[in-house]
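Asks: Generate coordinates for the sequence data below:
(chains A, B, C and D)
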There are 4 protein chains.
Amino acid sequence: MKFKKAVRDPIHGFIKLTEEEVRLIDGEPLIQRLRYVKQLGFVYLVYPTATHTRFDHSLGVLHVATLLGTRIMQQLGNVDEDLLRHIRVAALLHDIGHLPFSHSFEILTKHLLHMAVARGCVEVDMAQFDAARKPHEVTTQLLVNKLGPRLSELGYDPSLVAELLFGRDGRYRLFSNILTGVFDADRLDYIMRDMYFTGAAVGTSFTHIDLERIVENLEVVGENFQFNEKARVNLEGYLITRYNLYRHVYLHHKTVLFTEVARNILAEDIEKCGEGSGDPQICQYLCDLARFATGNVDEVNIWKATDDYFVSVFIRDAKFRDLLSRKPPDYVTLWKREKDFLEVFKDPVRINDLVDKIGPIHWALLNRLKKKFVERLNIELSEVVNCRLSPDDVILSYVSFDPYAEDLFITTAMGPLSISDISPLVKAVDEAWKGAPHFFLYIRKGALEKCGEKAVKSLEFVLEPLMDLAVRRISN
Amino acid sequence: MKFKKAVRDPIHGFIKLTEEEVRLIDGEPLIQRLRYVKQLGFVYLVYPTATHTRFDHSLGVLHVATLLGTRIMQQLGNVDEDLLRHIRVAALLHDIGHLPFSHSFEILTKHLLHMAVARGCVEVDMAQFDAARKPHEVTTQLLVNKLGPRLSELGYDPSLVAELLFGRDGRYRLFSNILTGVFDADRLDYIMRDMYFTGAAVGTSFTHIDLERIVENLEVVGENFQFNEKARVNLEGYLITRYNLYRHVYLHHKTVLFTEVARNILAEDIEKCGEGSGDPQICQYLCDLARFATGNVDEVNIWKATDDYFVSVFIRDAKFRDLLSRKPPDYVTLWKREKDFLEVFKDPVRINDLVDKIGPIHWALLNRLKKKFVERLNIELSEVVNCRLSPDDVILSYVSFDPYAEDLFITTAMGPLSISDISPLVKAVDEAWKGAPHFFLYIRKGALEKCGEKAVKSLEFVLEPLMDLAVRRISN
Amino acid sequence: MKFKKAVRDPIHGFIKLTEEEVRLIDGEPLIQRLRYVKQLGFVYLVYPTATHTRFDHSLGVLHVATLLGTRIMQQLGNVDEDLLRHIRVAALLHDIGHLPFSHSFEILTKHLLHMAVARGCVEVDMAQFDAARKPHEVTTQLLVNKLGPRLSELGYDPSLVAELLFGRDGRYRLFSNILTGVFDADRLDYIMRDMYFTGAAVGTSFTHIDLERIVENLEVVGENFQFNEKARVNLEGYLITRYNLYRHVYLHHKTVLFTEVARNILAEDIEKCGEGSGDPQICQYLCDLARFATGNVDEVNIWKATDDYFVSVFIRDAKFRDLLSRKPPDYVTLWKREKDFLEVFKDPVRINDLVDKIGPIHWALLNRLKKKFVERLNIELSEVVNCRLSPDDVILSYVSFDPYAEDLFITTAMGPLSISDISPLVKAVDEAWKGAPHFFLYIRKGALEKCGEKAVKSLEFVLEPLMDLAVRRISN
Amino acid sequence: MKFKKAVRDPIHGFIKLTEEEVRLIDGEPLIQRLRYVKQLGFVYLVYPTATHTRFDHSLGVLHVATLLGTRIMQQLGNVDEDLLRHIRVAALLHDIGHLPFSHSFEILTKHLLHMAVARGCVEVDMAQFDAARKPHEVTTQLLVNKLGPRLSELGYDPSLVAELLFGRDGRYRLFSNILTGVFDADRLDYIMRDMYFTGAAVGTSFTHIDLERIVENLEVVGENFQFNEKARVNLEGYLITRYNLYRHVYLHHKTVLFTEVARNILAEDIEKCGEGSGDPQICQYLCDLARFATGNVDEVNIWKATDDYFVSVFIRDAKFRDLLSRKPPDYVTLWKREKDFLEVFKDPVRINDLVDKIGPIHWALLNRLKKKFVERLNIELSEVVNCRLSPDDVILSYVSFDPYAEDLFITTAMGPLSISDISPLVKAVDEAWKGAPHFFLYIRKGALEKCGEKAVKSLEFVLEPLMDLAVRRISN
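Replies: Now for the predicted structure:
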């Protein structure tokens, strides 16, 4: 592969690009837009330096996918450079469908689209979105299609790029898996990158040496890959680091709260626009966003699907301005860390498990859950005078995540074994994760004050069964 | 000092804040706005990860200023905690006057204000701006005044904060100097930070160990501070690192070009709005920016002085969209690095020196220079058929900088000596810098093609005297 | 504290020393000898760069003890600089009693002394050694006494230094504890140092930022210290790092084997010299070593208690030359890592626990254990023709270690809680450690070959009950 | 290349070895001996952690040589794996001839051999040593020959290994050059390694990213290699780092002094043994060393050529014990750093140049120089009563070094240009080096005191011309 350019990257050193890649990237709004979408949404309100973007991450994934792809090809006995070129482009494009603030608003995508369809801004077959676990992947697929002619022009086969990205069980299964599988270039890059840009490396490290070691111990067996035991300690490092990032960054109680506050603002505006009572400029913008989500982009419109434009519109909303200026939200967190969580939930593993089973959650579902939950709470609090919570007084947030390591296999004399089965440390991290808070509950300060401290204290005793009930209720 | 909170920072570990500082920072738009102003303007188009902001930098300066301030007080024999509190707040506020994209548009500030005054958007005494070397410091001063009541509320003396920031020769001279002097907390932080976030550390390092060593070897003598020779090697490291950042980041020929393209877009829009022919929304926005620059902010308006809002407005301009999508500019760089520069200029030190003498440049001045220069070029090219450059075909950029080290003093038996005088390496870096390109010249591809390659080549021989002439002309 | 000199250290940056400390250290053989004692004994045969010494470690402990000591004094409301000076010297001297190759031969100290007494080389009251858990601490105490006059000369109170080092429950309990307690300067330094010099940092990190954070969150409550929850994540990092160092470095199956081979060589020579059949020069040297261990040192003799001299003598022994040249030992490891261990032991936690209970092991005890064990093995193998193991065919090694974290306390609303109780990760690491191999078994290749592969396989099924029996037998 | 083992190395991560390499290395005293030879001799007396060895360095050179070798082969269009195997072995063996303490005693090798020949311990053709610039390379060559049969056994061609190591202008010129040329694997490794183990990284860095970048920009043109300009900044980093290591580590005035003290001790003992008046055990040992230097090694003898054995013998000498215990030497340094040097020498570049021209210096030559010099000094001091220096009162040390960068070439449109010609920074570093002290002068305190301070001061004025005279005298 002949490289034309090397982009400086603090994570991987230099990321080298070929002539065609440079021609594809420079000047292409669909790719360059990612510079204006922060990798970690609102995390920067907690870790101020977390302003890195989907753009540098995408270059990083291209880099790591090349390492993994080359290794797999070597294992298969044939380095197919043309296929590698396509893997690289697929990696580069894997995130182009992300809305502003990445995952922050993903849960509201369907909501947004339904409203936009109802208002006639877009025409779209909702089936594909309703079926999708991750709406941003539908958008990615639509946008990759848009790029088809440009890809052809540059000598790529657009259908191969699409197959690598979306056809997970096809001919190129092994290579699809390194793009978006259980253990893929995406995760390897973001773990290194998020750690670097948040500064959250504590008791944890995962360096280029670990990455190199993992790559060179990847072994292809049949249609899968597994790892030689030599890389076990590096994979342990990967899993501990991921665990720490979840605990300290992605699931930091303040990260979650700020994200939920942002979601509530957007949800409310979607609702108002649906009812015809919204701010016209915001409603107009939501239509633009919906157009982007459904792949209807033009040269100007595309720039609206950026953090920057989102912010410029929503400063019309006082609540959003409060968020931007990090005004301390008017909510009390019922637990912040494991310690507090364990005081409230006697069987944290079971309750987490219960919640996890809901799966990638819909906004509507979460609202139903919250409603049920608040109903029950109010019954408990019924004896306290003047104390009644409305659903709006409560924020309930849940992060869908699967950091379990069962699917990482180590080669042994007895065949591949899950790393959880042979590494007590991994098993331990798995266990630790299972007991760590997967969801958070925040109650509005004013509401709590009305009820009095005693009532709040009493709540703690009933949260576990109430949560249990509420989840079971909506699961049926 | 009792701390309430510690913010994670990849550069300094944890930056600790007191209760009052937390109360000042969280929810204060004048400070939080800095999260939406990138530290390095358009550098991210060359170094994709350079998305760090004036906000994390300001926290870093607070941290470093505390180290330096405490050391100075220890040297003076009295640690005045109250003064230290004020130094910390002053550090935190030192950059609040920056326009979107930091220094990128600073050169156009006066232009913008003149237009806005002419159009009646703002009323302002232009004298203070006309007198200022750095317009953003005028804005900072105006905004710090605005914060006065809030500072008082939190137990600070606003006049002391102002004196520390702006009264450079007063009672608190020593402490003002560590905020914005020759060797200050500002530079120490940005050098560490910009290196980290660009990934440009090459042959260079400056770590927390160097910082610590420098701090503990600072010695106060009379009204100045100097350094024990023990820290000499660390200071050398500081100066080499700074030199490398200038060469590879701040003065990267593409950084400079993208910045100039952005400036031209803004300049053109300012002009059009002045003439009444501009895009109304852009013109409206320029008035908002002018209001911010003159300290007229309200709760909504303030959020318009952000990179985000700037982008959202300027996507109306196709040229700006090209910039955002990093479309390769239609210009040829006449030299990229020292090597090329030395081929064109036989006496690079003299020519740099000549240019440096112009001082912090005005847009108008630069335009006059360019015009003179293009006139001369056209005379040279007059024999070539069909070859005539218009001023718009040429971009001339100049970065005002003083990385000379004369003002860093080392304690010796013979009294303080400039580090340049005792360190051959520093002297060498100084020399190297003097011969490195301080300015760049770009010519539109189309224009060059019309003239033919030979004409271009012939240009190289005349650039030196032409530049010489042009600069002399405008200097008078 | 006025510093005169700063020693460069890759772990802590600069370690600063006062005038008296420099005068104490430079030229003092009792301290300088530590430069010739490798911190990690024979680990360098597995991690080639692990050649760092007790000397740089001792400087590191001085540095960390100063940080912890100062913090404790601040918490107590009085920074007693004179006490701090003594803590620093105590830290510096804490390891001066180590024999060559640090812990490698510690288990043989009493053996050595008994032989030397019997041969009349030394006169010593063995009671103090027999009573000691760690013989090198007795030697340290004897040598610190020797240094008394020198310490007085330099303005120190030798009895205070001794009390800090050895009087663990006295007046200075809090400060003794930071020198050699559950969580002390010793461990903090060696964890950072051993990680740096082996390069074994994988999935693990513990940096100066963690150290700083831990120090500033140490809280004194009564006669103990505990930690604010803010430092919990850093303490977790400390414990994971320690766990990883144990697994990958200190208990690497090859480290253990090489160390045991060295021990066997020395044990055999001690025995032979006891019987009068040893190599005279080796026997002479063993007397010299015994003299050192009992504090009988003179200006020349002291240099014999170094790795260097040890090597120079033992190259007379062909087996030791094989060790030096890292000839692959003629032994098979029955398990190398957890995975293999778990295949052999169904209840690893119980068996480890059983073994741990033996306590810091004596060579004689270990030999008895091995003998019992081999007896039993031979009964099992009795049906196999020509297959009979002698005790010499077997190496059994056990590392006494307590990486449990029960004694690290976190401040909570409910009073101090053990970090194991509130951190699932720490609990998990504890669990992981409990199931990791604490002991290793190696069998001579030749012996195994005689018995045939089947016999070996059959062994695996009986190891657990045999080990159980053997340990119980000797425990009575 | 199929790897069997990976050795952990903090510099390069993992150094992978093939089956044959493992078989060659493990158990081979000629290679394993290097574990007992410190890479930097007595530097550990100044930088305590500099205890790394020629062994880990040799593995590092194997690693880097593989990177460079592979790149060159790719440039030539043919990766010859068999040749690469030989390059790796050559790299591994390149330092096996080093005496204890590496370069420290190299200057005395011929002296030692002459004495040993005279005393009949060895028979050797001195011609080869007299002709050699670096005696240790002669020894290496002799030992590599000894290894011939073993190499053949493992499938290597011993003559090819020898040609790669010593036949610098032959068929394999390009590959010889990456082993021991101007810019080779040896230097690349030691620069990274010495920086890591001393902790002396200040204002300097050279990381795996720089190494990678340099390798992938190496270009073969004809029989030479040069570098694409893309790697220029990394090469600058390499040269600055090297400069800093020379200044702060290799030429630290205390490093130099301790080394000279050690040399004087050894020189005196060589002389005494030559005269028949030496300590018999020391004389015996010097014969052993001489045997090693001439390639006469057996299984036991080889272990005597280690730092360890050297120390064990020389503790018989009280002066050496003083050195081991870092007793402050009884000498005054006439200049410590550039600053002081520049006060004494008005034309430092000329005087350095003069000294450099002497070339790799002989002990005898240096002694003659010193004698001439002291003679002259005494003339100057003749008027001072009671003041007369003997040659023993003076230590004069000179480090032969060529850190000039003229031979590193960068590819340009005009053909290859020396990096000094296009990089002002490199040129500057070159200049800085030329003016930095290349030699040091120490005078015994007692002698100085007798003469009085005034005399000392007066010396400074005459040093320059005296040095000039002395050097010219011996050059003829």
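Asks: Which secondary structure state does A:Lys16 sit in?
Replies: Reduced to three states with DSSP: H, G, I helix; E, B strand; the rest coil, the structure at A:Lys16 is strand.
Asks: Tell me where the model's unsure across chain A.
Replies: For chain A, residues meeting the criterion pLDDT under 70 lie at A:201-204, A:359-361, A:400-406, A:474-476.
Asks: For the residue nearest the centre of it, give me its contacts.
Replies: Ranked by distance to the mean C-alpha position of chain A (Cα atoms, centre = their mean), the top residue is A:His103 at 4.6 Å. Applying Cβ atoms under 8 Å, 6 or more residues apart in numbering or on different chains, one finds that A:His103 lies in contact with A:Gly41, A:His136. In short, each C-beta sits where N, CA and C put it, glycine included.
Asks: With A:Lys134 as the reference, measure out to it.
Replies: 9 Å (Cβ to Cβ, to the nearest Å).
Asks: Can you give me the neighbour number for A:Ser312?
Replies: Other residues within reach of A:Ser312, judged by other Cβ atoms under 10 Å in any protein chain shown, total 23.
Asks: residues from chain A in reach of chain C?
Replies: Residues of chain A lying near chain C by Cβ under 8 Å from any Cβ of the partner chain: A:201-207, A:210, A:229, A:233-234, A:236-241, A:243-244, A:248, A:337-339, A:342, A:412, A:422-425, A:427-429, A:431-432, A:435-436.
Asks: Residues in contact with the host helix or strand of A:Glu21: which ones?
Replies: Taking DSSP states H and E as the criterion, A:Glu21 maps to helix A:19-25. Taking Cβ under 8 Å, 6+ apart as the criterion, the residues outside helix A:19-25 that touch it are A:2, A:4-5, A:17, A:31-32, A:62, A:85, A:88-89, A:92, A:150-151, A:154-156, B:326.
Asks: Point me to the residue of the stretch 351-476 of chain A nearest chain D.
Replies: A:Thr411 (15.9 Å; Cβ to the nearest Cβ).
Asks: Repeat that for the stretch 101-250 of chain A.
Replies: A:Ile209 (3.7 Å).
Asks: show me the contacts for that residue.
Replies: By Cβ under 8 Å, 6+ apart, the contact set of A:Ile209 is D:Gly13, D:Phe14.
Asks: Please verify my assumption that A:Ile282 contacts A:Ile315.
Replies: No - with contact defined as Cβ atoms under 8 Å, A:Ile282 and A:Ile315 do not form a contacting pair (10.5 Å).
Asks: Show me what from chain A comes close to chain D.
Replies: Counting by Cβ under 8 Å from any Cβ, the residues of chain A that sit close to chain D are A:Ala6, A:Gly13, A:Phe14, A:His208, A:Ile209, A:Glu212, A:Arg213, A:Lys230.
Asks: Figure out how far stretch A:118-130 is from the centre of its chain.
Replies: Taking the mean of its C-alpha atoms, stretch A:118-130 sits 23 Å from the chain's own mean (Cα atoms, centre = their mean, to the nearest Å).
Asks: How about stretch A:298-316?
Replies: With Cα atoms, centre = their mean as the basis, the mean position of stretch A:298-316 lies at 21 Å from the chain mean.
Asks: May I have the distance across it, first residue to last?
Replies: Using Cα to Cα, to the nearest Å, the end-to-end distance of stretch A:298-316 comes out at 25 Å.
Asks: can it be found next to chain B?
Replies: Yes - looking at stretch A:298-316 against chain B by Cβ under 8 Å from any Cβ, the contacts come from A:299-300, A:303-304, A:306-309, A:311-313, A:315-316.
Asks: Which of those fall within helices?
Replies: A:Asp307, A:Asp308, A:Tyr309, A:Val311, A:Ser312, A:Val313 (DSSP state H).
Asks: if I look at the fifth one, how far off is D:Arg35?
Replies: Think A:Ser312. Note on A:Ser312: its distance to D:Arg35, by Cβ to Cβ, is 64 Å.
Asks: What is the neighbour count of A:Pro465?
Replies: The number of residues packed around A:Pro465, counting by other Cβ under 10 Å, is 12.
Asks: List buried residues within the ones in helices among the residues of stretch A:298-316 next to chain B.
Replies: When those are checked for burial by 16 or more other Cβ atoms under 10 Å in any protein chain shown, the buried set is A:Asp307, A:Asp308, A:Tyr309, A:Val311, A:Ser312, A:Val313.
Asks: Turn the residues you listed into CSV, including distance to B:Thr53.
Replies: Below are these laid out as CSV (distance: Cβ to Cβ, whole Å):
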residue, distance to B:Thr53
A:Asp307, 13
A:Asp308, 13
A:Tyr309, 18
A:Val311, 13
A:Ser312, 17
A:Val313, 21
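Asks: Which single one of those is nearest to chain D?
Replies: Ranking those by separation from chain D, with Cβ to the nearest Cβ as the measure, puts A:Asp307 on top at 29.8 Å.
Asks: A:Thr294 and A:Leu113 touch, don't they?
Replies: Yes - in this structure A:Thr294 lies within contact range of A:Leu113 using Cβ under 8 Å: 7.0 Å.
Asks: Find residues that contact each of these two.
Replies: Taking Cβ under 8 Å, 6+ apart as the criterion, A:Thr294 and A:Leu113 both touch A:Val122, A:Val124.
Asks: which ones are touching the residue of the stretch 151-300 of chain A found nearest chain B?
Replies: Scanning the stretch 151-300 of chain A for the residue nearest chain B gives A:Gly199, at 3.3 Å (criterion: Cβ to the nearest Cβ). When contacts are counted by Cβ under 8 Å, 6+ apart, A:Gly199 is found next to A:Tyr47, A:Thr49, B:Arg8, B:Asp9, B:Pro10, B:Ile11, B:Gly13.
Asks: which SS state does A:Gly170 fall under?
Replies: coil.
Asks: Need the phi and psi values for A:Phe42.
Replies: Note on A:Phe42: backbone dihedrals following degrees, to the nearest 10 are phi -90, psi 10.
Asks: What's the local residue count around it?
Replies: Number of residues near A:Phe42 (other Cβ under 10 Å) recorded here: 25.
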